[in-house]
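> need a 3D model of the following:
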Amino acid sequence: MNKKGSMELSVNSIVILVIAIVMLGLILGFVKSKFGDISKNVEIEEPEPAQATASDTLTLSRTLVVLSPGEKAALRLSYYDNAATGTSFTPSMICSPTAGAPSGEGLAKVSIAGGAESYSLRITAGITKELYICTVTLGNANKDITVKVV
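Numbers count the residues shown, from 1 in each chain. As a prediction, the model looks like this:
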């Protein structure tokens, strides 16, 4: 009894199927990598903080920053300078615990004497996944923020 099953596939059909699967995989990999690159370049606009006043000399755009290890984020500050003349201030940040803590750097800017000025602080997450309590300092004022590295 020499029966041939109807489920037989020819060699050509198998080769075409393999090539189709490989091409599909290549196309999906290409599309995923290109859209991944585009999404990394899109930055969310950081909102402006409330206007600083003589009674509340430092205000922040947010008090909780959630980052991935090595990720960067911006924090906006508003500082009210009570001095009679403008002074150059640079925002800074110190975190606790200090091991693997995020860092913050800002650019120096001259304040408006008797008025509020907007500043920016660039926060870079450390490599350690942890919850950090950080103190943002600008001029003679400071505020606490929480930086969570997940």
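> assign residue 133 to helix, strand or coil.
Classification of residue 133 by DSSP: H, G, I helix; E, B strand; the rest coil places it in strand.
> burial measure for it, as a count.
Number of residues near residue 133 (other C-beta atoms under 10 Å) recorded here: 13. All C-beta atoms are positioned from the backbone trio N, CA, C, and that covers glycine.
> so how far is residue 56 from it?
Distance of residue 133 to residue 56, given as C-beta to C-beta, to the nearest Å: 20 Å.
> pull the contacting residues for residue 72.
Residues near residue 72 by C-beta atoms under 8 Å, 6 or more residues apart in numbering: 122, 123, 124, 125.
> switch these over to TSV; also include distance to residue 10, secondary structure and pLDDT.
Output for these, formatted as TSV (distance: C-beta to C-beta, whole Å; DSSP: H, G, I helix; E, B strand; the rest coil; pLDDT from 0 to 100):
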residue	distance to residue 10	secondary structure	pLDDT
122	62	strand	88
123	61	strand	88
124	59	strand	87
125	56	coil	87
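> averaged pLDDT, stretch 105-118. What do you get?
The average pLDDT within stretch 105-118 is 81.
> what do you get for stretch 137-150?
88.
> for that stretch, list the C-alpha coordinates in PDB.
Taking C-alpha atoms only, stretch 137-150 is exported to PDB below (Å, rounded to 0.1, in the frame of the first residue of the first chain):
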ATOM      1  CA  THR A 137      19.100  74.800  46.700                       C
ATOM      2  CA  LEU A 138      19.000  78.200  45.000                       C
ATOM      3  CA  GLY A 139      20.300  81.300  46.600                       C
ATOM      4  CA  ASN A 140      19.400  81.300  50.300                       C
ATOM      5  CA  ALA A 141      16.300  79.100  49.800                       C
ATOM      6  CA  ASN A 142      15.900  75.300  49.500                       C
ATOM      7  CA  LYS A 143      13.100  72.800  49.000                       C
ATOM      8  CA  ASP A 144      12.900  69.100  49.300                       C
ATOM      9  CA  ILE A 145      11.900  66.800  46.400                       C
ATOM     10  CA  THR A 146      11.600  63.100  46.000                       C
ATOM     11  CA  VAL A 147      13.500  61.300  43.200                       C
ATOM     12  CA  LYS A 148      12.500  57.700  42.600                       C
ATOM     13  CA  VAL A 149      14.800  55.600  40.400                       C
ATOM     14  CA  VAL A 150      12.900  52.600  39.100                       C
END
